[in-house]
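Engineer: give the three-dimensional model of this entry:
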Amino acid sequence: MMDDLVLVETSEDGAVATVVMNRPEALNAISVALEDSLLSVFRRLAGESAVRAIVLTGAGRAFSAGVDLKELGAGAREGRDWRGPDTLAGAMRCSKVPVIAAVNGFAVTGGLELALQADFIVAAEGARFADTHARVGLTPSWGMTQILPRLIGPARARWMSLTGGFIDAATARDWGLAVEVTPPEALLARARALGAEIAETDPVAMGRIRGLIAAGEGMPLREALALETKVFDEHMATLAHGAVEARRSVVQARGRRIAGESE
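Structural biologist: Predicted coordinates:
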């Protein structure tokens, strides 16, 4: 446990860290203190070599209701950097460790933006998503207007952001916002299991693939393909073929296990 606002639990092998926003009485609204605590946690975990994946979730019935509007209205955020690399959003987007958002309930406005910083979202059946920036008289600063349309398409993003309408977990999955929907009681176990699967991959190859996906989001296809070729050549130049053969047996064993589970 880091402090009362952020709880941290790691798996037995230390590979998967679960980070819990712990303001359930305020629907995990992101206060200055909570934001600073989360930033500190992400920085610490990024520096721990054993940590290969991070699961972010909320305590109680919400993932997060967004930035604490009471503090915002009182001027508590004046002068703060909203989007730079030293902010919470920047730390998540630039994290060397993949982040899974386990959305357990409401993910609204800044809370949805926070989930969008993750590599992907897994949602509980009762999760609800909305962007109410326009309704409360704010413009986004954590990437809502750019990330959301890339995930669900411009028309659906306009519908969410211009109306402030809510979508349920099944719709979020169908639209491409969430990758999976689970029963509420299975959410954390599933997110942690996905984190464990990430931890099984080769860290260098995984990091390069993840970096290519992120870089390609802002490139024309031709340039993105050229970048992939460049990274491939760099990777092959340093590849130990014996290591590939050793990992091949692990991949085969995993395939046999999955085949057995599906029978």
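Engineer: so which bits of the helix or strand where Ile198 lies are buried?
Structural biologist: Ile198 is located in helix 187-199, with elements delineated by DSSP states H and E. Within helix 187-199, the residues scored as buried using 16 or more other CB atoms under 10 Å are 187-188, 190-192, 194-195, 198-199. (Glycine included, C-beta is placed from N, CA and C.)
Engineer: ok, these vs Ala33, which is closest?
Structural biologist: Leu188 (24.1 Å; CB to CB).
Engineer: quick check, the closest one in contact with Ala102.
Structural biologist: Yes. With contact defined as CB atoms under 8 Å, Leu188 and Ala102 form a contacting pair (5.9 Å).
Engineer: need the residues touching each of the two.
Structural biologist: Listed contacts common to Leu188 and Ala102 are 55, 57; contacts here mean CB atoms under 8 Å, 6 or more residues apart in numbering.
Engineer: elements contacting the helix holding Ile198?
Structural biologist: Secondary-structure packing of helix 187-199 (3 or more CB pairs under 8 Å, 6 or more residues apart in numbering; DSSP states H and E): strand 16-21, strand 53-58, strand 99-103, strand 120-124.
Engineer: would you format those as a markdown table with distance to Val41 included?
Structural biologist: Below are the helices and strands packed on helix 187-199 laid out as a markdown table (distance: least, CB to CB, whole Å):
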| stretch | distance to Val41 |
| --- | --- |
| strand 16-21 | 6 |
| strand 53-58 | 9 |
| strand 99-103 | 11 |
| strand 120-124 | 19 |
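Engineer: would JSON lines of those with mean neighbour count, mean pLDDT and distance to Val8 be doable?
Structural biologist: Converted to JSON lines, those look like this (neighbours: other CB atoms under 10 Å; pLDDT from 0 to 100; distance: least, CB to CB, whole Å):
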{"stretch": "strand 16-21", "mean neighbour count": "24", "mean pLDDT": "98", "distance to Val8": "6"}
{"stretch": "strand 53-58", "mean neighbour count": "26", "mean pLDDT": "98", "distance to Val8": "9"}
{"stretch": "strand 99-103", "mean neighbour count": "27", "mean pLDDT": "98", "distance to Val8": "13"}
{"stretch": "strand 120-124", "mean neighbour count": "25", "mean pLDDT": "98", "distance to Val8": "19"}
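Engineer: quick check: closest non-adjacent residue to Leu88.
Structural biologist: Of all residues not flanking Leu88 in the chain, Leu39 sits nearest, at 4.7 Å (CB to CB, 6 or more residues apart in numbering).
Engineer: what's around that neighbour, how many residues?
Structural biologist: Using other CB atoms under 10 Å, Leu39 is surrounded by 18 other residues.
Engineer: got the angle for the helix or strand that contains it vs strand 53-58?
Structural biologist: Secondary structure from DSSP H and E places Leu39 in helix 32-46. Relative orientation of helix 32-46 versus strand 53-58 (axes from the mean of the first three to the mean of the last three CA atoms, to 10 degrees): 160 degrees.
Engineer: list the buried residues of helix 32-46.
Structural biologist: 33-35, 37-39, 41-42, 45.
Engineer: so who does the residue nearest the centre of the chain touch?
Structural biologist: With distances taken as CA atoms, centre = their mean, the residue of the chain nearest its centroid is Ala118 (1.6 Å). Applying CB under 8 Å, 6+ apart to Ala118 gives the contacts 56, 92, 99-101.
Engineer: now those residues in a markdown table, with distance to Arg257?
Structural biologist: A markdown table is the format used below for the contacts of Ala118 (distance: CB to CB, whole Å):
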| residue | distance to Arg257 |
| --- | --- |
| Leu56 | 28 |
| Met92 | 32 |
| Val99 | 26 |
| Ile100 | 21 |
| Ala101 | 27 |
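Engineer: where does this protein dip in pLDDT?
Structural biologist: Under the criterion of pLDDT under 70, the regions of the chain flagged as low confidence span 1-3, 73-85, 241, 247, 249-250, 253-254, 256, 259, 262-263.
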